[in-house]
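Q: Please find the sequence and the predicted model below.
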Amino acid sequence: MLGTRASPLALAQAHATAAALEETHGWPAGTVSIFEVRTTGDKVQDRALAEIGGKALWTKELDIALLGGTTRLSVHSCKDVESERPSELVIAAFLPRADVRDRLIGSPSIEALSQGAKVGTSSPRRTAQLLRMRPDLQVSIMRGNVATRLNRIAEGAYDATFLAAAGLDRLGIDEGCAVETQDFLPAPGQAAIAIECRADDEETRALLAAIDHVPTHRAVLAERAFARAVGGSCHSPVAALAVVEGDERIWLRAELLSSDGTSHVAGEVRAEAGDEEAAGAALAEELLGRAGPDIRALFTGS
Ligand SMILES: NCc1[nH]cc(CCC(=O)O)c1CC(=O)O
């Protein structure tokens, strides 16, 4: 049994995972059954996540089902999985990563937003990146699943918002204009689907190893090592994106910002196979070393 959150996006990702397992192992459709779990993050919709305790909100109830043996695997949006996980669990596989960019909804570009326009997001990263480019904009909290956020724009409650292209694509929603990663570096793990199981469950680990997308896995290891090493919380504006280049090396770019976007440090590193996590940690140390006190106050370091 596979554990998942019950949002339309989470269910689409769970079905994609079940289908990948069934196809790879030659099992009849429906062999992998799906167990829907409502997490605290799903129940509390009216506050920023940072206020109600951060990212474990999306994973805790799934972890309980997995550790208690109700499920054998959990499927997560990797972006929502805190960088420190219980040692009894392991991310054993990733599905091939989708479009890593954010999409702007409600305006053809950031430049085209009118002076003082109202942008809804509750991501500290998107807030800081946007204010860095457009300090005149008014950013306020917007939560809810993808459909809810699109409705809020359609109703005119906000002029614009950002949504991950990956989520929109997986739901078959062709809306918004992609913002390029050089302007708007995504969150660590964005667009990757992480499949977790118990670390001591060798049988499930082997079944998952067969569907693991190695370039995605290597890239996300670097991004998550970076996120872990900078420390920080769900209040901390952090971005990181790694890609595997033609020669098999990974190229990791990352950035830390102050909450209002007035300060910013960015850097990049390349790493050979096997060195992804060390490279992520080294880049974290470099950026923290170059960051001013306003950024350093938001991150704890490793
Ligand atoms: N924070 C919620 C969340 N978690 C993962 C995605 C999108 C899919 C992904 O990045 O894999 C989203 C929605 C969004 O940010 O637009």
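A: Perfect, thanks for sending it. Numbers count the residues shown, from 1 in each chain.
Q: What residues does this protein have near the ligand?
A: Counting by CB under 6 Å from any ligand atom, the chain comes close to the ligand at 77, 79-80, 163-164, 166-167, 190-191. Placement of C-beta: from N, CA and C, glycine included.
Q: Lowest average confidence across helices and strands of the protein, where is it?
A: One helix or strand of the chain scores below all others by mean pLDDT, DSSP states H and E: helix 40-43, with a mean of 76.
Q: so how far is it from its chain's centroid?
A: Centre-to-centre, helix 40-43 and its host chain are 17 Å apart (CA atoms, centre = their mean, to the nearest Å).
Q: In strands only, show me the residues of the chain next to the ligand.
A: Among those, the members found in strands (DSSP state E) are 77, 163-164.
Q: Quick check: which ranges of this protein have low pLDDT?
A: Scanning the chain for pLDDT under 70 picks out the ranges 44-55, 302.
Q: Would you map the helices across it?
A: Secondary structure of the chain, counting by DSSP state H: helices at 8-25, 40-43, 56-67, 124-133, 146-154, 165-170, 202-209, 214-230, 276-290, 293-296.
Q: Show the secondary-structure elements that the second one is packed against.
A: I take that to be helix 40-43. Applying 3 or more CB pairs under 8 Å, 6 or more residues apart in numbering; DSSP states H and E, one finds that helix 40-43 contacts helix 56-67.
Q: domain assignment for this structure?
A: When the chain is parsed with automatic domain parsing, its domains come out as 1-95+192-212, 102-179, 214-302.
Q: circling back to that earlier point, give me the buried positions along the least confident helix or strand of the chain.
A: For helix 40-43, burial by neighbour count (16 or more other CB atoms under 10 Å) applies to 41-42.
Q: likewise stretch 102-112?
A: 102-107, 110.
Q: same question, stretch 282-296
A: 282-284, 287-288, 291, 295-296.
Q: next one: stretch 125-136
A: Using 16+ other CB under 10 Å as the burial criterion, the residues of stretch 125-136 that qualify are 125-132, 134.
Q: can you list contacts of stretch 175-184?
A: Defining contact as CB atoms under 8 Å, 6 or more residues apart in numbering, one finds that stretch 175-184 is touched by 99-110, 126, 129, 133, 150, 162-163, 165, 168, 241, 253.
Q: about what we covered before: would you mind finding the most buried of the helices of the chain?
A: Stretch with highest mean neighbour count among the helices of the chain: helix 214-230 (a mean of 24; mean count of other CB atoms under 10 Å).
Q: Run through who's touching that one.
A: With CB under 8 Å, 6+ apart as the criterion, helix 214-230 contacts 78, 83-84, 93-97, 188-189, 192, 194, 236, 238, 240-244, 250, 252, 254, 256, 271, 273, 276-281, 283-285, 287-288, 299-302.
Q: Kindly give a single PyMOL line that selects the buried subset of those residues.
A: Provided next is the PyMOL selection string for whichever of the contacts of helix 214-230 are buried by 16+ other CB under 10 Å:
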select buried, resi 78+83+93+94+95+97+188+189+192+194+236+238+240+241+242+243+244+250+252+254+256+271+276+277+279+280+281+283+284+287+288+299
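Q: Fine by me, we can end here.
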